[in-house]
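> Okay, structure incoming, though there's no sequence with it:
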């Protein structure tokens, strides 16, 4: 069982196959978030870069 939210994110990223990679740092640790207008954006949890 994860001891923190960061451990939980690492556990999830380990179980998924190829997915979205951060265009800034190349990390696969990317969160999908909903914008104010209902659009989808992405945030890299490794470097903080966001894009849509």
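Looks like it arrived, so ask away. Predicted model only: the values in this text are computed from it and were never measured.
> In the chain, what residue spans correspond to helices?
Secondary structure of the chain by DSSP state H: the helices cover 5-15.
> partner residues bridging the residue lying closest to residue 35 once chain neighbours are set aside?
Once flanking residues are discounted, residue 35 sits nearest to residue 41: 5.3 Å by Cβ to Cβ, 6 or more residues apart in numbering. In short, each C-beta sits where N, CA and C put it, glycine included. With DSSP bridges as the criterion, residue 41 is bridged to residue 33.
> so what's residue 41 up against?
Listed by Cβ atoms under 8 Å, 6 or more residues apart in numbering, the contact set of residue 41 reads 32-35, 50-52.
> Which one (most neighbours) among the residues you listed?
residue 50 (14 neighbours; other Cβ atoms under 10 Å).
> List the contacts of that residue.
41-44.
> and if we set it to 7 Å?
Contact analysis of residue 50 by Cβ atoms under 7 Å, 6 or more residues apart in numbering lists 41-43.
> do you know how far it is from residue 4?
Counting by Cβ to Cβ, to the nearest Å, the separation of residue 50 from residue 4 is 22 Å.
> Residue 33 too?
20 Å.
> same deal with residue 20?
23 Å.
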